[in-house]
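[1] Curious how this folds, go ahead:
(chains A and B)
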Amino acid sequence: MFIVVAEKASVAEAIRDALPYKGLKVTWVRGHVMEMDLPMNLRAWRLETIRDIMGVRRFRYRVRDRESYSRLSSVFSGRDSVLVIATDNDHEGELIGYEILMLYRRIKGKDAEYYRMRFNSTDRREIVGAWSRLEGSLNWRWVGKAMFRHKFDLLTGAAYTRLLTLSISKSGGRMAGKSTGDGSGCSSSNSSSRDGYSAGSSVSDAGTRHDLTISTSHITGTNTGSNCTGSRNRSRKRSRSNDPMLISWGSCQTPTLNFIVEREREIEQFRPVDYWYIDALLMYSGIQFRARSTNIYDEVHASSIYESCRGSSTALVLEYKERAVTIHRPLPSRTDDVLRDLVRITGRSASYLLDVMEDLYSRGYISYPRTDTNRYPRGFDFSRPLRAALDGLGITLNPVHARPRNGMHDDNAHPPIYPVSPYHGSGIEREVWEYIARRFLANAYADDATLVKQHARLVTAEGSVELHAEGLYVRDEGFLAVYRYFMPEEHRIPVLVTNSSVDVEWIDLVKDRTKPPSRLSEAELLEIMERHGIGTDATRAEFPSLLLRRGYATKVRSRFKPTALGTTLIDALNALDGRLVNADTRRMVEMVMRDIEDDRIKEDEALNRSIELYDHLLSLCIKNIGAIADALSNITIAGKQGRR
DNA sequence: GCAAGGTC
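    Numbers count the residues shown, from 1 in each chain, chains lettered A, B, ... in the order given. Below is the predicted model:
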């Protein structure tokens, strides 16, 4: 009996439909089954043990999804069961597969046979194809790189967060206290005989060893609380008023906050400058159009120029030019590009929109929504997405071959997002589906658009002041016909002839001043995060919301403004070492992950080397913690009073 | 009570 385990229920269902065979049982988990945590002796938050965190190399692997864990346990206990790992085809899916394998081999023995099934969509043929080419092993380099990231982020995140949080509570900034002890039902009050089982060496393949200790106390214990695995609750959490103040640090959240603080600094330091320009309304063969001079930064000079030309009733055309500009059709849909556009189009937050995509995916309307790929694989079958898009949009198209414009990104795990079946519903789901369908058509079945930019240079009859007029119109609509989201606004000027004369309707002197850059919108923040490799396509959307919950930033007219707490935190850390706040940490993590994947370094050595630097920076923080804590405490106490 | 990564 093959036991096929998918990463989520919706995929399990698709597999069951595609492979309706006897002797095949499909079940599922819900993302990670296990969660990495610090060993028990470091459970308590204490300043004295913070340095020890960085030295941890044996991790506790806790069961986080008890329901999946016990369901799998009982299925694996069947006498002739053989595991087929059907988690997502990416490194995090590989790690989830490893978690499943650990459990399987605890039951079946350390050499028990298993298979890995790889597919990139829940499309029936894709699944049938994957079943026909099962692999005999996990990709251990993928497991290793995912494991490295988990460990690095846990050690650094826990150490810095505890240091910052504990030191401000020491210096009097602590909020109304919640006990940090047990009583939650989540502790290991029931010590099972299997507690402390070490899985490290028993499931290593291909020379890969992972020092893990499985704690089974959650499974066998009498825990009824749901908050042990409550990631759902976490994201709903709004108020911090009853929590002890938490000052968190993380390789993704801190650089994201830093982007917001940096922008605020630019705005604060901005000094506006006054300038003037000549503005004119002109007319040529019955068509009105605007023209203006370049900016003049001196008031006296501007006035004299204006005085010299204000009596003009005509202007002379010095030059008229048209320039064709090609607007390329969009690339295949990657999560990041799609979210950024949809945030602009719908005004909803990226994390919400990703939920909507997840929902459309699980109901079979679009392909897997978390992808970093914007090129189609060789042999990709466009016919079904095409039918889905045309049907769902009510468009007819003469049969033509797909000729997608491909990008350069490939995560080697998922194809771009494409429509799988027509969605005829309404509301935000429809908006999202429609965007994906339209983008699919625009990319693979439409031409680039051609715009024409017009530029005219004129000179006033009196004073000889040079004026410029700009125009824009669409020559070939191309993909814009099906993808109207960011349609350029047409504003034509008449086609002018050199040396001809145009009428001046009025002429004016306008005063203006240079403006500071605006605060970051969510779309801009996401774009910057992506450019710096902060987060993944699946998680990036979460961080802006997290910063709001932590009280590091607020949203003012849908743009991000750092709070005093956020600014103080960044300033204090940045003063010690820029690497504590900028995107370097993440860049390093990404690089090391690539090295592990390409077998240039082993996971344990990668961890030692990377932690070394952040251990050094930690001791720097500890040396200076007095000043950091004072600055933060002043803010948090003031902030607390301010909220009352 | 920590991170970031999955999914719900």
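
[2] Please make it C-alpha for all contacts and neighbour counts, starting now.
    Noted.

[3] For stretch A:446-466, measure first residue to last.
    41 Å (CA to CA, to the nearest Å).

[4] same check, this time on stretch A:551-561
    11 Å.

[5] What lies in contact with it?
    For stretch A:551-561, the external contacting residues (CA atoms under 8 Å, 6 or more residues apart in numbering) are A:257, A:260-261, A:264, A:519-522, A:547-548, A:562-567.

[6] A:Arg43: neighbouring residues, count only.
    Burial of A:Arg43 is recorded as 11 neighbouring residues (other CA atoms under 10 Å).

[7] elements contacting the longest helix along chain A?
    Under DSSP state H, the helix in chain A containing the largest number of residues is helix A:140-170. Using 3 or more CA pairs under 8 Å, 6 or more residues apart in numbering; DSSP states H and E, the elements in contact with helix A:140-170 are strand A:34-37, helix A:50-54, helix A:91-108, helix A:584-597, helix A:603-623, helix A:625-643.

[8] quick one: average confidence on that helix?
    Taken as a whole, helix A:140-170 has an average pLDDT of 94.

[9] Stretch A:271-281 too?
    98.

[10] Other residues contacting that stretch?
    Applying CA under 8 Å, 6+ apart, the contact partners of stretch A:271-281 are A:288-299, A:302, A:306, A:467, A:504-516.

[11] Filter the contacts of stretch A:551-561 down to the ones in helices?
    Reading helices off the contacts of stretch A:551-561 with DSSP H, I get A:257, A:260-261, A:264, A:522, A:547-548, A:564-567.

[12] Neighbouring strands of the helix or strand where A:Val325 lies in the sheet, and parallel or not?
    In this structure, A:Val325 sits in strand A:314-327 according to DSSP states H and E. Strands adjacent to strand A:314-327 in the sheet, as given by DSSP bridges, are strand A:449-460 (antiparallel), strand A:501-513 (antiparallel).

[13] Any idea which of the ones you listed gets closest to DNA strand B?
    DNA strand B lies closest, by CA to the nearest atom of the strand, to one member of the strands paired with strand A:314-327: strand A:449-460, at 34.4 Å.

[14] Surely A:Leu24 touches A:Val4?
    Yes: with contact defined as CA atoms under 8 Å, A:Leu24 reaches A:Val4; the gap is 7.2 Å.

[15] So between the two, which is more surrounded?
    Neighbour totals were compared for A:Leu24 and A:Val4, and A:Val4 leads with 23 against 16 (other CA under 10 Å).

[16] Report whether stretch A:410-427 contacts DNA strand B.
    No: residues of stretch A:410-427 are not located near DNA strand B by CA under 7 Å from any atom of the strand, the shortest gap being 10.6 Å.

[17] cool, stretch A:609-621 as well?
    No: Stretch A:609-621 does not reach DNA strand B (CA under 7 Å from any atom of the strand); its nearest approach is 13.3 Å.

[18] Contacts for the strand or helix carrying A:Ala444 next, please.
    Per DSSP H and E: A:Ala444 is located in helix A:427-445. The contact list for helix A:427-445, computed with CA under 8 Å, 6+ apart, reads A:329-333, A:338, A:342, A:353, A:356-357, A:360, A:365-366, A:386, A:388-389, A:392-393, A:400-405, A:417-419, A:423-424, A:479-480, A:482-483.

[19] hmm, back to that, export the strand holding A:Val325 to PDB, keeping only CA atoms.
    Presented in PDB, the C-alpha positions along strand A:314-327 are these (Å, rounded to 0.1, in the frame of the first residue of the first chain):
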ATOM      1  CA  THR A 314       2.400  84.000 -30.900                       C
ATOM      2  CA  ALA A 315       5.200  81.600 -30.600                       C
ATOM      3  CA  LEU A 316       7.400  80.000 -33.200                       C
ATOM      4  CA  VAL A 317       7.900  76.300 -33.600                       C
ATOM      5  CA  LEU A 318      11.600  75.500 -33.500                       C
ATOM      6  CA  GLU A 319      11.400  71.800 -33.600                       C
ATOM      7  CA  TYR A 320       8.800  69.000 -33.600                       C
ATOM      8  CA  LYS A 321       9.800  65.300 -32.900                       C
ATOM      9  CA  GLU A 322       8.000  62.000 -32.600                       C
ATOM     10  CA  ARG A 323       9.600  59.000 -31.000                       C
ATOM     11  CA  ALA A 324       8.100  55.500 -31.000                       C
ATOM     12  CA  VAL A 325       8.500  53.700 -27.700                       C
ATOM     13  CA  THR A 326       7.900  50.000 -27.200                       C
ATOM     14  CA  ILE A 327       6.100  48.900 -24.100                       C
END
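
[20] hang on, the earlier thing: okay, the strands paired with strand A:314-327 in JSON lines with mean neighbour count, distance to A:Ser132 and mean pLDDT next?
    JSON lines is the format used below for those (neighbours: other CA atoms under 10 Å; distance: least, CA to CA, whole Å; pLDDT from 0 to 100):
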{"stretch": "strand A:449-460", "mean neighbour count": "21", "distance to A:Ser132": "43", "mean pLDDT": "97"}
{"stretch": "strand A:501-513", "mean neighbour count": "17", "distance to A:Ser132": "67", "mean pLDDT": "97"}
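
[21] tell me the contacts of A:Val29?
    Going by CA under 8 Å, 6+ apart, A:Val29 touches A:5-9, A:68-69.

[22] let's go with 6 Å and repeat that
    By CA atoms under 6 Å, 6 or more residues apart in numbering, the contact list for A:Val29 reads A:7-8, A:68.

[23] Let me see the confidence value for it.
    A:Val29 is assigned a pLDDT of 97 by the prediction.

[24] Could you tell me the phi and psi values at it?
    When read as degrees, to the nearest 10, the backbone of A:Val29 gives phi -120, psi -180.

[25] With the one 10 residues further on instead?
    According to degrees, to the nearest 10, the main-chain angles of A:Pro39 amount to phi -60, psi 160.

[26] That one is in contact with A:Arg60, isn't it?
    Yes: A:Pro39 is within contact range of A:Arg60, at 5.2 Å (criterion: CA atoms under 6 Å).

[27] Neighbour count for these two, which is higher?
    Legend: neighbour count by other CA under 10 Å for A:Pro39 and A:Arg60, higher for A:Arg60 (20 against 17).

[28] What residues of the helix or strand that one falls within count as buried?
    Assigned by DSSP H and E, A:Arg60 belongs to strand A:59-63. Within strand A:59-63, the residues that count as buried by 16 or more other CA atoms under 10 Å are A:59-63.

[29] tell me the angle it makes with helix A:140-170.
    Between strand A:59-63 and helix A:140-170, the angle comes out at 100 degrees (axes from the mean of the first three to the mean of the last three CA atoms, to 10 degrees).

[30] Which elements pack onto strand A:59-63?
    strand A:34-37, strand A:212-215 (3 or more CA pairs under 6 Å, 6 or more residues apart in numbering; DSSP states H and E).

[31] check whether whichever helix or strand comes after it contacts DNA strand B.
    Counting by DSSP H and E, the next helix or strand C-terminal to strand A:59-63 is helix A:66-76. No: counting by CA under 7 Å from any atom of the strand, DNA strand B is not contacted by helix A:66-76; separation bottoms out at 10.3 Å.

[32] Helix A:66-76 relative to helix A:91-108, how many degrees between them?
    50 degrees.

[33] how far is the helix or strand that comes right after helix A:66-76 from where the chain is centred?
    Next helix or strand after helix A:66-76 toward the C-terminus (DSSP H and E): strand A:82-86. Its chain's average C-alpha position is 30 Å from that of strand A:82-86, according to CA atoms, centre = their mean, to the nearest Å.
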